[in-house]
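>>> sequence? don't have it. structure:
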């Protein structure tokens, strides 16, 4: 299990997929068993979870894969589950008190920061492309 770190380069495709499925299950567990009760959990802990979900939602891959393996090895499912969890809790509408709304504000803040980072990287990449 390499939930928020780069997996070792010497893993087989089967080992990589098994580890990714475990990571996905951990995120789903967080989504169903921890975050719905965020108003009973210290805000700092929830903030750390949101930060980890943001990091996990960024598409990553290992550098040692051949061209044919790249599509298989990208942590697509893991990234998708992390992003969906952030979206799910950013639109939480079961808020009856301001204290309960902080998880939505945290998730939305993380998504906005991520969007800002994507736009900044796009601008930098666009400058590198020259006149292509």
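Great, that's in hand. All values reported here derive from a predicted model rather than from experimental measurement. Numbering: from 1, shown residues only.
>>> after the helix or strand of the chain with the lowest mean pLDDT comes which helix or strand?
The weakest-scoring helix or strand in the chain, judged by mean pLDDT, DSSP states H and E, is helix 67-73 (a mean of 47). Using DSSP states H and E, the next helix or strand after helix 67-73 towards the C-terminus is helix 76-90.
>>> what about the helices in the protein?
Applying DSSP state H to the chain gives helices spanning 13-29, 43-57, 67-73, 76-90, 102-128.
>>> what's the last one packed up against?
In other words, helix 102-128. Applying 3 or more CB pairs under 8 Å, 6 or more residues apart in numbering; DSSP states H and E, we find helix 102-128 packed against helix 43-57, helix 76-90. C-beta here means a position set from N, CA and C on the backbone, and glycine is covered the same way.
>>> Could you check stretch 24-44 and say which residues are buried?
24, 26, 27, 30, 31, 35, 38 (16 or more other CB atoms under 10 Å).
>>> what's the answer for stretch 115-122, then?
Buried, per 16+ other CB under 10 Å, within stretch 115-122: nothing.
>>> what do you get for stretch 77-84?
Buried, per 16+ other CB under 10 Å, within stretch 77-84: 78, 79, 81, 82, 83.
>>> Alright, I will stop here.
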